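Enquirer: 3D model of this:
(chains A and B)
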Amino acid sequence: MTMAAPDNALAPVTDELATVRRALPARVLRFVRRQPLGTIGLVLVVVVTLIGISADWIAPYDPTANDFAAMTQPPSWAHLLGTDQFGRDLLSRIIYGARTAVVVGLSASMIGGFIGLVLGVASAYFGGRIDLLVQRALDVLMAFPLIIMALAVVAIFGTGVQNVIIAITIPLIPRCARVVRSNALSIREVPYIDSARTCGFSHARIILRHMVPNVVAPFLIMLTAFVGQAILAEAALSYLGLGVQEPVPDWGLMLQGGAEEYATTAPWIAVFPGLAIMLTVFGVNIFGDALRDVLDPKLRDR
Amino acid sequence: MYRYIVRRILLMVPTLIGAAALVFFLMRLIPGDICQVRLGAEAGSFSQQALADCHAALGLDRPIWVQFFDFVWKFCHLDLGISMWSGKPVTDEIAARFPISLEVAIGATLIAVAIAIPLGTISALKQNSWADLFARSFAISGIAAPSFWLGIIALLAVLNVTQIIGGRPWMPPIDYVPLWRDPIRNLSIVILPAATVGYRYAAVVARMTRSAMLEVLREDYIRTARAKGLLHRVIINRHALKNAMLPVVTVIGIEFAFLIGGLVVTEQVFNLNGIGRLLVQAVQNQDYTLTQGIVMLVVTIFILTNLVVDIVYAWLDPRIRYR
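Expert: Numbering: from 1, shown residues only, chains lettered A, B, ... in the order given. Below is the predicted model:
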């Protein structure tokens, strides 16, 4: 009897845990109902990601195949979005371009965000000289023009998707670290951090287990903004010839070649890739706005 | 306040030295150097002797630390040295290209402020109305659209419209003339880039204005002002807008600071010979002195703009006291 008591006492707790877990679909439903715009954004992001993943199956043509019999064709049933100056199907290139955009956007923002998170929290936690040193280093990165960083990365390592990610990640770090640090500074002063220290926990444990979870809300909001910024930066770098190289299908790169040359004869070459970029970033941003409203009640209705 | 400003100016020193070190060593990490680029372009193949002579002439044969301290020391005396590529002083090279970039940046700021502040205010005052929905979609599209693509579309529209109206496509002139010499020609060059950059800028500022206004409108003093029967116009202009402007000023400043270093793509689209393209050319030629000069200029403008923003902040809101 006395042995059974703890089991019974635990039962409601485990039940509660189960309901929390089961509640995830319910929470998604709640998000959908409360944030219709954010849902549209989420759907856009998911659709673009799925398009990127399944490009091999859904693209009607080979994105790199030239067809000199069908150059600069206007949109038609054979080529829904028309063809470019080499006769390549624009729709197929945009479908494959989604892959590059999603890969660069997600990895640059994740890596930059994670490094910024650790630096920001650690800087706030240790304070003093370390804080001062980290802050000065971040000031330098913040003021340094993105384009120089990108040019140098490309000149040193060469062009390619990985190097584009490096070039875009670096400027994201200080922005993230700064916001995280200001949030973490207030958390450093609360009693449970002191008690964690008294318990003799390691710095890494206090930072990762006790401080980081408390800055997750502003961090996630920032991360969604970073995805959009990274996609835009990737497009700009590729447009300048510093990013992804031909013949890899890429939205920024598609705007580089014939876009201006064929402005009057084949304007669709310039219009559609830009629309793809805009729709994707638009989706990311409105989803981010909705996430902000949900995660940060203080900002609701703003 | 004065102590604060002095302290901030002193804090510029480590940032500037850090930026100097970063650009200096980053440039030297790039494989090859200006002598190889130049000799390779002139002759195709070249002797080791010619390479050594070129290094000696440009001072590249000295130990790297000597070169670095020489660069920092000269920078402290506002001497940016001589462009390794053209042989002209770096300050002259920058002076020739800087006005157009500055003009586009200022133009974009003016356009952004003129659109964003009324738009953001109306959006906040009529929250959740059609006007608000329009303003918010306008803003979020501006943030989502790549500004270089907007530039391409704007050029495309101009080309097509002039073709239809005049029978032949018209392009904005390429060679820059100062505003005071030929205002119409100058504006026809600057207006399109300024507008495309300004749209994104306006979007960011409008969002900030809206959220700041919404916050201020919920303050007690606004309710008090309403209760004592003040005119709506007075409440908005004197009480609400003035207080809501604080974060907006910060955003305007930060965006402006980023703009100076971020105009490269826009200059590429519109064929403007501004500071951004000069920077790209300098890096591609491996012109160390010119690259260093431009980067230091951009970084200095960035830091100074941030300082000015903080000072303006204190001036707008006397409650803020810097120590």
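
Enquirer: The helix or strand of chain B with the lowest mean pLDDT packs against which elements?
Expert: Here the helix or strand of chain B ranked lowest by mean pLDDT, DSSP states H and E is helix B:34-43, holding a mean of 74. The elements that helix B:34-43 packs onto, with contact taken as 3 or more C-beta pairs under 8 Å, 6 or more residues apart in numbering or on different chains; DSSP states H and E, are helix B:48-58. Just so you know, the C-beta spots here come from the backbone N, C-alpha and C atoms, and that holds for glycine as well.

Enquirer: So what does B:L272 look like in phi/psi?
Expert: Dihedral pair for B:L272: phi -90, psi 140, per degrees, to the nearest 10.

Enquirer: Next up, the contacts around it.
Expert: Residues near B:L272 by C-beta atoms under 8 Å, 6 or more residues apart in numbering or on different chains: B:100-101, B:104, B:174, B:176, B:189, B:193, B:266.

Enquirer: I'd like the distance between A:G288 and chain B.
Expert: Going from A:G288 to chain B by C-beta to the nearest C-beta, to the nearest Å gives 10 Å.

Enquirer: Compute the number of surrounding residues for residue 145.
Expert: Using chain A. A:P145 has 25 neighbouring residues, counting by other C-beta atoms under 10 Å in any protein chain shown.

Enquirer: ah, no, chain B please
Expert: By other C-beta under 10 Å, 23 other residues sit near B:A145.

Enquirer: Got phi/psi on the residue most central in space within chain A?
Expert: The centre of chain A sits closest to A:V227, judged by C-alpha atoms, centre = their mean, with a distance of 2.3 Å. Dihedral pair for A:V227: phi -60, psi -50, per degrees, to the nearest 10.

Enquirer: what does the stretch 151-300 of chain A put close to chain B?
Expert: A:151-152, A:155-156, A:228, A:232, A:235-236, A:239-240, A:252, A:255, A:259-260, A:263-264, A:267, A:270-271, A:273-274, A:277-282, A:285-286, A:289, A:299 (C-beta under 8 Å from any C-beta of the partner chain).

Enquirer: If we use 6 Å, what do you get?
Expert: Within the stretch 151-300 of chain A, the residues that sit near chain B (C-beta under 6 Å from any C-beta of the partner chain) are A:151-152, A:155-156, A:232, A:235-236, A:239, A:259, A:263-264, A:267, A:270, A:274, A:277-278, A:281-282, A:285.

Enquirer: Please apply the same query to the stretch 1-150 of chain A.
Expert: A:136, A:139-140, A:143-145, A:147-148.

Enquirer: Which one among the contacts of B:L272 sits at the bottom for pLDDT?
Expert: Among those, B:I174 carries the weakest pLDDT, at 70.

Enquirer: Can you name the residues in contact with the least confident helix or strand of chain B?
Expert: If you take C-beta atoms under 6 Å, 6 or more residues apart in numbering or on different chains as the criterion, helix B:34-43 is touched by B:46, B:50-51, B:54-55, B:84, B:285-287.

Enquirer: List just the nearest of those to chain A.
Expert: The shortest gap between chain A and any of the contacts of helix B:34-43 belongs to B:Q286, at 8.3 Å (C-beta to the nearest C-beta).

Enquirer: Flag the shaky bits of the chain, pLDDT-wise.
Expert: No chain in the question, so chain A it is. Scanning chain A for pLDDT under 70 picks out A:1-23, A:257-260, A:263, A:296-302.

Enquirer: oops, chain B please
Expert: B:41-45, B:261, B:320-323.

Enquirer: I figured A:A270 hits B:G151, correct?
Expert: No. Assessed by C-beta atoms under 6 Å, A:A270 is found out of contact with B:G151, at 10.3 Å.

Enquirer: got the contact list for the helix or strand where A:G41 lies?
Expert: Per DSSP states H and E, A:G41 falls inside helix A:36-53. Residues from elsewhere that reach helix A:36-53, judged by C-beta under 6 Å, 6+ apart: A:32, A:95, A:98-99, A:102, A:280, A:283-284, A:286-287, A:290.

Enquirer: tell me, how many neighbours does B:A56 end up with?
Expert: For B:A56, the count of nearby residues is 12 (other C-beta under 10 Å).

Enquirer: can you give me the helices for the stretch 51-200 of chain A?
Expert: Ranges of helices within the stretch 51-200 of chain A are A:55-58, A:90-126, A:128-143, A:146-157, A:161-188, A:191-198, based on DSSP state H, counting those that start in this stretch.

Enquirer: Could you single out the most deeply buried of the ones you listed?
Expert: By mean neighbour count, with neighbours taken as mean count of other C-beta atoms under 10 Å in any protein chain shown, helix A:90-126 ranks first of the helices of the stretch 51-200 of chain A at a mean of 23.

Enquirer: ok and that helix relative to helix A:36-53, angle-wise?
Expert: Orientation note: helix A:90-126 sits at an angle of 110 degrees relative to helix A:36-53 (axes from the mean of the first three to the mean of the last three C-alpha atoms, to 10 degrees).

Enquirer: rewinding a little: tell me which of the contacts of B:L272 is nearest to chain A?
Expert: Closest approach between the contacts of B:L272 and chain A, by C-beta to the nearest C-beta: B:T266, at 9.6 Å.

Enquirer: Just the strands from the stretch 151-300 of chain B, written as ranges.
Expert: Counting by DSSP state E, counting those that start in this stretch, the stretch 151-300 of chain B has no strands at all.

Enquirer: Chain A contacts on that one?
Expert: B:152, B:156, B:159-160, B:163, B:169, B:211, B:214, B:261, B:264-265, B:283, B:295, B:298-299.

Enquirer: And those, which of them are buried?
Expert: Buried by 16 or more other C-beta atoms under 10 Å in any protein chain shown: B:152, B:156, B:159, B:211, B:214, B:261, B:264-265, B:283, B:295, B:298-299, out of those.

Enquirer: Let's have those residues in JSON lines, adding distance to A:S107.
Expert: JSON lines is the format used below for those (distance: C-beta to C-beta, whole Å):
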{"residue": "B:I152", "distance to A:S107": "27"}
{"residue": "B:L156", "distance to A:S107": "32"}
{"residue": "B:L159", "distance to A:S107": "37"}
{"residue": "B:S211", "distance to A:S107": "30"}
{"residue": "B:L214", "distance to A:S107": "35"}
{"residue": "B:G261", "distance to A:S107": "24"}
{"residue": "B:V264", "distance to A:S107": "23"}
{"residue": "B:V265", "distance to A:S107": "22"}
{"residue": "B:V283", "distance to A:S107": "25"}
{"residue": "B:V295", "distance to A:S107": "27"}
{"residue": "B:V298", "distance to A:S107": "27"}
{"residue": "B:V299", "distance to A:S107": "28"}
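
Enquirer: of those residues, closest to chain A?
Expert: The shortest approach to chain A among these belongs to B:G261, at 3.5 Å (C-beta to the nearest C-beta).

Enquirer: Let's see the distance spanning stretch A:73-85 from one end to the other.
Expert: From its first residue to its last, stretch A:73-85 covers 9 Å (C-alpha to C-alpha, to the nearest Å).

Enquirer: Unless I'm misreading it, A:G120 sits right up against A:A177, doesn't it?
Expert: Yes. Taking contacts as C-beta under 6 Å, A:G120 lies within contact range of A:A177: 3.9 Å.

Enquirer: residues contacting A:G113?
Expert: A:176, A:223, A:226.

Enquirer: How much space separates B:T209 from B:A194?
Expert: 20 Å (C-beta to C-beta, to the nearest Å).

Enquirer: Revised request: answer the last question for A:P191.
Expert: Remark: distance between A:P191 and B:A194 (C-beta to C-beta) = 53 Å.

Enquirer: can you check B:V248 too?
Expert: Applying C-beta to C-beta, the value for B:V248 to B:A194 is 20 Å.

Enquirer: got it, and A:Y61?
Expert: Distance of A:Y61 to B:A194, given as C-beta to C-beta: 40 Å.
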